[in-house]
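Peer 1: this is a predicted model, with the sequence first.
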Number of protein chains: 2
Amino acid sequence: MALLVMKFGGTSVADLDRIRIVAAHVKREIDAGNQCAVVVSAMGGQTDQLVELTKQAAPLHDAREYDVVVSSGEQVTSGLLSIVLQSMGVPARSWQGWQIPVKTSDAHGAALITGIETQELKNRLGRGEVAVVPGFQGIGPDNRITTLGRGGSDTSAVALAAALGADRCDIYTDVDGIYTADPRVVPHARRLDKISYEEMLETASLGAKVLQTRSVQLAMLHQVRLLVRSSFDPPDQVRGETGGAGTLVCDEDELVEQQVVSGIAYTKDEAKVTLVRVEDKPGVAARVFGPLAEANINVDMIVQNVSDDGRTTDLTFTVIAADLNRALEVLEKVKEDVGYRDLRGSTNVVKVSAIGVGMRSHAGVAARMFKALADKGINIEAISTSEIKISILIDAAYAELAVRTLHSLYGLDNA
Amino acid sequence: MALLVMKFGGTSVADLDRIRIVAAHVKREIDAGNQCAVVVSAMGGQTDQLVELTKQAAPLHDAREYDVVVSSGEQVTSGLLSIVLQSMGVPARSWQGWQIPVKTSDAHGAALITGIETQELKNRLGRGEVAVVPGFQGIGPDNRITTLGRGGSDTSAVALAAALGADRCDIYTDVDGIYTADPRVVPHARRLDKISYEEMLETASLGAKVLQTRSVQLAMLHQVRLLVRSSFDPPDQVRGETGGAGTLVCDEDELVEQQVVSGIAYTKDEAKVTLVRVEDKPGVAARVFGPLAEANINVDMIVQNVSDDGRTTDLTFTVIAADLNRALEVLEKVKEDVGYRDLRGSTNVVKVSAIGVGMRSHAGVAARMFKALADKGINIEAISTSEIKISILIDAAYAELAVRTLHSLYGLDNA
């Protein structure tokens, strides 16, 4: 018997047929003797429609009223799922963010959860009642509805699991787990039974849409064990945590066989910006990246070579492709202030990353990567590393070749 | 300077273009120095869609979850109108039922308002802020969302006006007032400048869709002056209470020229049921109408003739046409218990009514009606009267003729 938080996203609750399947998943867990709190998103597409309505109402609008409008999508799903569960004989009720309450900061539209009252929920879960909780929403210090920002339902689920002290938080989605690489690129890609929080975090930041970065951080902080699994699996099939379905995101200690590299990710839509012959003196970085931050342009990899003449250097960094033109405009304006000779931008690059907690204890992971890529004639334009990740920037034409090469190199190919 | 409650129904907030017109109506009142609380319905069709979703979720469903789902429509409109008002420079915020709070009974799906906290609203209205309140919703004693039943937004508006001590409650709708008869039937029909609560109540119960019966009762009880006016009028046009637009529903004392009859109404979709030769003994009526009430069949006019043989009588009553077959089934089952010889049902009837507070002090109103109809060869199948209303049941073929005849008879035709 376990206390579970089960989270279902927009495609899993897209219509009443899908909601009935969700209810069957919940019923299976209740029938198995578990206690269940269920976190739901808005029905697929609903949030986009509501967001569009607020935009049409006024391009610049009060975030507090935006929250009133947009949070209604999850409210509807919570009521409908409760009705369907009841019709299947499962006691259930919906709990809006303000009813529990899920207390948040007053940052409307992107609020942070500050606390969740759980005593009443726990009492009712203990009596076998399912709590159906709309994700994404809470209540601010001013007693007004808040939302957590897009994709916030993952965060709602993890925060609720932490507050309830849940044994596990099951994230039901449209894939059946985390893979060693994108199966569309690497046919030999394998589903991982387990992955550490740190690895998942790197994977999520690298654009894997399965989990929101913020929810993984929160899970790591509160040691909430996350199981990523498919809502499209037959609901009547009970599967163990690693019994052949889903990927458990957990503490490093739970990983039995630590692989050096657990997965290869790559992100398209990158753009590279190079400032040629920047003066190599203190404060230059601030004069470059300050104006970019003010323009809300996120900078990812930053590479600065050692100065060869002692006075100037080349500075390269990446932004998302959609921001390239704006970034170049911003940098044109500060040309005199920064002092560079030339400015170059190109969109024809991808970032390929190898991720694995095993890297920490294995030397030479990077060296092997560089050699393997060189053997295939792939030129590396930039490198950045963290403790558990190596990322390289390469010509987009070589993306798939690089991913497959690295997938083989680190022994990830399916037998 | 006045404190106004302004209520806009589903067609008046059907889309953002319409919501902008609503906002212009509100801005006009604010610019004129008035304080405004605005009650809004769900965007046209939205409530029907949400109700349909709950039905599809399960035919028999928890009314508390129904309320969670269905109340979201008004929530969306309240946020959107607030955004539009702000974009026009009018300070505004939305107030959900649970935030004010609008306290109701626990009869989910058909709750009664038990109290509205107004201190904070009053403070803000006094500072020129518009309060945008979703109609139809409240919060029950169990801290859960309630709804007032279909058309409940009128009731929300009147209750809020009563609680705020508003000078007037303006009901914006798709017609420009209350008419002496349906203008589609009687081309000479006139818009009334004023109508008494009692008359409006009778008119509303007779199927006029302009105002909910319940909201008129509430307005009468709390002496809330209602102005029925069109949201399709140009919003920049300021009109006095009886300055040529709208109909003021008010106390009888405010009516300057009391007419004997203020309007002629008629309802189609009636069906007539006759029990032939019912035993004329105590308790028979209960044995007839008890089972019908249990089957949720509303009975309207009831006519029982004096017994001519001292032992049996004929009993005639009306139900809505859609209920006729069910009514006949119910009565077949209790035939032995009630003891009647024959059971007859027909749908080919309409009810025509003349309404007017002046009837109280004028004798012979009914006699004139019966004579005028007889002159046209219209046979009266049943009659029922109240202090301010006479209703007759006639063959449906004569409906329009009867309405026009009575409209002329009581001097209601437009000059």
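Peer 2: It's in. Numbering: from 1, shown residues only, chains lettered A, B, ... in the order given.
Peer 1: next, count neighbours for A:N379.
Peer 2: A:N379 has 11 neighbours, counted by other Cβ atoms under 10 Å in any protein chain shown. In short, each C-beta sits where N, CA and C put it, glycine included.
Peer 1: my guess is it contacts A:I394, does it?
Peer 2: Yes. Shown here, A:N379 and A:I394 form a contact pair, counting by Cβ atoms under 8 Å, at 6.7 Å.
Peer 1: low-confidence ranges, chain A, go.
Peer 2: For chain A, residues meeting the criterion pLDDT under 70 lie at A:205-208, A:237-244, A:257-258, A:306-308, A:415.
Peer 1: can you give me the domain assignment for it?
Peer 2: Segmentation of chain A into domains, based on automatic domain parsing, reads A:3-253, A:263-409.
Peer 1: which non-adjacent residue is nearest A:S196?
Peer 2: Counting by Cβ to Cβ, 6 or more residues apart in numbering or on different chains, A:S196 lies nearest to A:E252, which is 4.4 Å off, once chain neighbours are set aside.
Peer 1: distance check, that neighbour against chain B.
Peer 2: According to Cβ to the nearest Cβ, to the nearest Å, A:E252 stands 41 Å off from chain B.
Peer 1: list the contacts of that residue.
Peer 2: Going by Cβ atoms under 8 Å, 6 or more residues apart in numbering or on different chains, A:E252 touches A:S196, A:Y197, A:E198, A:Q258, A:V357.
Peer 1: do A:V273 as well
Peer 2: A:V273 is in contact with A:T316, A:F317, A:T318, A:V319, A:L324, A:A327, A:L328, A:L331, A:L343, A:R344, A:G345, counting by Cβ under 8 Å, 6+ apart.
Peer 1: part of a helix, is the second one?
Peer 2: No. When the secondary structure is assigned by DSSP: H, G, I helix; E, B strand; the rest coil, A:F317 falls in strand instead of a helix.
Peer 1: just to check, it is in contact with A:I297?
Peer 2: No. When contacts are counted by Cβ under 8 Å, A:F317 is not listed as touching A:I297 (10.3 Å).
Peer 1: compare these two (neighbour count), which wins?
Peer 2: Of the pair A:F317 and A:I297, A:F317 is the one with more neighbours under other Cβ under 10 Å, namely 23 against 19.
Peer 1: who does the more buried one bridge with?
Peer 2: Applying DSSP bridges to A:F317 gives these bridge partners: A:V273, A:I302.
Peer 1: so what's A:Q35 up against?
Peer 2: Residues near A:Q35 by Cβ under 8 Å, 6+ apart: A:M1, A:A2, A:L3, A:L4, A:L125, A:G126, A:G128.
Peer 1: now do the contacts for the third one.
Peer 2: Put plainly, it is A:L3. With contact set as Cβ under 8 Å, 6+ apart, A:L3 has these partners: A:N34, A:Q35, A:A37, A:L125, A:L164, A:G165, A:A166, A:D167.
Peer 1: 6 Å - rerun?
Peer 2: Each residue near A:L3 by Cβ atoms under 6 Å, 6 or more residues apart in numbering or on different chains is listed here: A:Q35, A:A166, A:D167.
Peer 1: likewise for the second one?
Peer 2: Counting by Cβ under 6 Å, 6+ apart, A:A2 touches A:N34, A:D167.
Peer 1: give me the distance between it and A:G345.
Peer 2: Distance, A:A2 to A:G345, by Cβ to Cβ, to the nearest Å: 52 Å.
Peer 1: looking at the domains of chain A, which one is packed in the most?
Peer 2: The highest mean neighbour count among these, using mean count of other Cβ atoms under 10 Å in any protein chain shown, belongs to domain A:3-253: a mean of 21.
Peer 1: any idea how far apart the tips of that one sit?
Peer 2: One end of domain A:3-253 to the other measures 22 Å (Cα to Cα, to the nearest Å).
Peer 1: can you name the element that comes right after whichever helix or strand A:A23 is part of?
Peer 2: Using DSSP states H and E, A:A23 sits in helix A:16-31. Sequence-wise, the next helix or strand downstream of helix A:16-31 (DSSP H and E) is strand A:35-40.
Peer 1: ok, that following strand: who's next to it in the sheet?
Peer 2: Here strand A:35-40 is paired, per DSSP bridges, with strand A:3-8 (parallel), strand A:130-134 (parallel).
Peer 1: so which residues on the stretch 301-415 of chain A come close to chain B?
Peer 2: Applying the criterion Cβ under 6 Å from any Cβ of the partner chain, no portion of the stretch 301-415 of chain A neighbours chain B.
Peer 1: distance from the helix or strand where A:A161 lies to the middle of the chain?
Peer 2: A:A161 belongs to helix A:152-164 when elements are defined using DSSP H and E. With Cα atoms, centre = their mean, to the nearest Å as the basis, helix A:152-164 stands 14 Å off its chain's centre.
Peer 1: again with stretch A:296-314
Peer 2: The answer for stretch A:296-314 is 28 Å, by Cα atoms, centre = their mean.
Peer 1: swap in stretch A:277-294?
Peer 2: 30 Å.
Peer 1: return that stretch as PDB; C-alpha atoms alone will do.
Peer 2: The C-alpha coordinates for stretch A:277-294 follow below in PDB (Å, rounded to 0.1, in the frame of the first residue of the first chain):
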ATOM      1  CA  ARG A 277      38.600  40.500 -31.500                       C
ATOM      2  CA  VAL A 278      36.900  41.600 -28.300                       C
ATOM      3  CA  GLU A 279      39.100  43.600 -26.000                       C
ATOM      4  CA  ASP A 280      40.300  41.300 -23.300                       C
ATOM      5  CA  LYS A 281      39.700  43.400 -20.200                       C
ATOM      6  CA  PRO A 282      37.600  43.100 -17.000                       C
ATOM      7  CA  GLY A 283      33.900  44.000 -17.400                       C
ATOM      8  CA  VAL A 284      33.600  43.100 -21.000                       C
ATOM      9  CA  ALA A 285      31.400  40.100 -20.400                       C
ATOM     10  CA  ALA A 286      29.000  42.200 -18.400                       C
ATOM     11  CA  ARG A 287      28.800  44.800 -21.200                       C
ATOM     12  CA  VAL A 288      28.000  42.000 -23.600                       C
ATOM     13  CA  PHE A 289      25.600  39.900 -21.600                       C
ATOM     14  CA  GLY A 290      23.900  42.600 -19.600                       C
ATOM     15  CA  PRO A 291      22.100  44.200 -22.500                       C
ATOM     16  CA  LEU A 292      21.100  40.700 -23.800                       C
ATOM     17  CA  ALA A 293      19.600  39.800 -20.500                       C
ATOM     18  CA  GLU A 294      17.700  43.100 -20.400                       C
END
